[in-house]
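>>> make a model of this:
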Amino acid sequence: MNPSPLHIESIGQGQEIIILHGWGVNSAVFTPLHSSLSQYRVHYVDLPGFGHSSMIEGDIDAWVDAITSRLSHKAIWVGWSLGGLVATRAALRYPERVQGLVTIASSPCFMAREEESWPGIPPQVLSDFSKQLGSDLSKTIDRFLAIQAMGSVTAKDDIKQLRELVLSRPLPETTALVQGLDMLKSVDLRPQIAQIEQPWLRIWGRLDGLIPRRVPPLMPKDEQLYQDLILHRASHAPFISHRDEFITGLVSWIEKLVRDELLR
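From the prediction side, this is the model:
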């Protein structure tokens, strides 16, 4: 019997990598990356209540704890969108487990905070998704996929590919979707992220409709530790729309991290 409700697909040998998907989807969205990352030991995680994973009650820390209990070794954590928020929280909660951090189209605070001039998703957008979940789950996810590809010159093809990959596994549980939306609405890691001492690669899509282009300049700066990679023609899913450019940037950063550690 599986001691954990999490579904994790582990592929390859070498440097340990944990990769986390975003809201409304599952780890099948990373299938196009499998061959490009085959030189590493990559753990593709279905977040709780998504894909083949069972739901876990609790907040973002409950999700982080569930993942680290299954994958206890030191690894590079890679997270896309909501998965980036989870990976960032893991780096803060279990710094000894996180060798390096990669966030893709992700923000330490997704919700716009007008009173603080923080750019993000308008509160009304997330409220609308919350309301729609009860009426038509499939349509709600389709709409969210469309928003993620919006702005990309290959948006139509991106949406088609994302949808096919997502639907290769069961639709998420509604309760998990609500959990995820609550995290996007309420989790704010901005006061803590300057404490991150691991190497951190932040990958952004310049045309992202969910993470405004004003976010990257507001992130903490440390040229020794933090690196920003901006894909100028990409939107919210750069690993789909600009896979080669994305892989080149990610792999070169991983290889540098591994070399630097060997030289210490």
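
>>> give me the number of residues near the residue nearest to L207 when sequence neighbours are not counted?
Excluding its sequence neighbours, the residue lying closest to L207 (Cβ to Cβ, 6 or more residues apart in numbering) is G151, at 3.5 Å. Yep, even glycine has a C-beta here, placed from its N, CA and C like the rest. A count of nearby residues for G151, using other Cβ atoms under 10 Å, gives 18.

>>> is it true that G151 touches I211?
No. In this structure, G151 is not within contact of I211 by Cβ atoms under 8 Å, at 11.0 Å.

>>> what touches both of these two?
205, 236 (Cβ atoms under 8 Å, 6 or more residues apart in numbering).

>>> that older thread, do you know how far the residue nearest to L207 is from S107?
Per Cβ to Cβ, to the nearest Å, G151 is found 16 Å from S107.

>>> also H242?
Counting by Cβ to Cβ, the gap between H242 and S107 amounts to 19 Å.

>>> same check, this time on L137
25 Å.

>>> residues touching the residue most central in space within the chain, list them.
Centroid-nearest residue in the chain, with Cα atoms, centre = their mean: W80, separated by 1.8 Å. Taking Cβ under 8 Å, 6+ apart, we find W80 in contact with 19-22, 29, 103-106, 237, 239.

>>> so for it, what's the nearest residue that isn't a sequence neighbour?
I104 (4.2 Å).

>>> need the phi and psi values for the one you found.
Note on I104: backbone dihedrals following degrees, to the nearest 10 are phi -120, psi 120.

>>> can you tell me how far it sits from G22?
Distance of I104 to G22, computed by Cβ to Cβ: 9 Å.

>>> what is in contact with those two at once?
Common contact partners of I104 and G22 (Cβ under 8 Å, 6+ apart): 80-81, 83-84.

>>> quick one: which of these sit in helices?
Residues of the shared contacts of I104 and G22 located in helices (DSSP state H): 83-84.

>>> can you point out the buried residues in the helix or strand containing F239?
In this assignment (DSSP states H and E), F239 forms part of helix 238-241. Across helix 238-241, burial judged by 16 or more other Cβ atoms under 10 Å covers 238-241.

>>> likewise for stretch 84-91?
Buried residues in stretch 84-91 (16+ other Cβ under 10 Å): 84-91.

>>> what packs against the lowest-mean-pLDDT helix or strand in the chain?
Ranked by mean pLDDT, DSSP states H and E, the helix or strand of the chain with the weakest confidence is helix 123-133, at a mean of 84. Judged by 3 or more Cβ pairs under 8 Å, 6 or more residues apart in numbering; DSSP states H and E, the packing partners of helix 123-133 are helix 137-149, helix 174-186.

>>> ok and that helix relative to helix 137-149, angle-wise?
When axes from the mean of the first three to the mean of the last three Cα atoms, to 10 degrees is applied, the directions of helix 123-133 and helix 137-149 differ by 150 degrees.

>>> report the angle between helix 123-133 and helix 174-186.
Using the same axes, to 10 degrees, the direction of helix 123-133 lies 170 degrees away from that of helix 174-186.

>>> then helix 123-133 to CSV, C-alphas only?
Output of helix 123-133 as CSV, limited to C-alpha atoms (Å, rounded to 0.1, in the frame of the first residue of the first chain):
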residue,chain,number,x,y,z
PRO,A,123,-9.2,40.0,-7.0
GLN,A,124,-12.3,39.8,-9.2
VAL,A,125,-10.6,37.3,-11.5
LEU,A,126,-10.0,34.8,-8.8
SER,A,127,-13.4,35.4,-7.3
ASP,A,128,-15.0,34.6,-10.7
PHE,A,129,-13.0,31.3,-10.9
SER,A,130,-14.2,30.4,-7.4
LYS,A,131,-17.9,31.0,-8.4
GLN,A,132,-17.5,29.0,-11.7
LEU,A,133,-16.0,25.9,-10.1
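
>>> list the contacts of that helix.
For helix 123-133, the external contacting residues (Cβ under 8 Å, 6+ apart) are 111-112, 139-140, 143-144, 174, 177-178, 181, 184-185.

>>> and with 6 Å instead?
Residues outside helix 123-133 that contact it (Cβ atoms under 6 Å, 6 or more residues apart in numbering) are 140, 174, 177, 181, 185.
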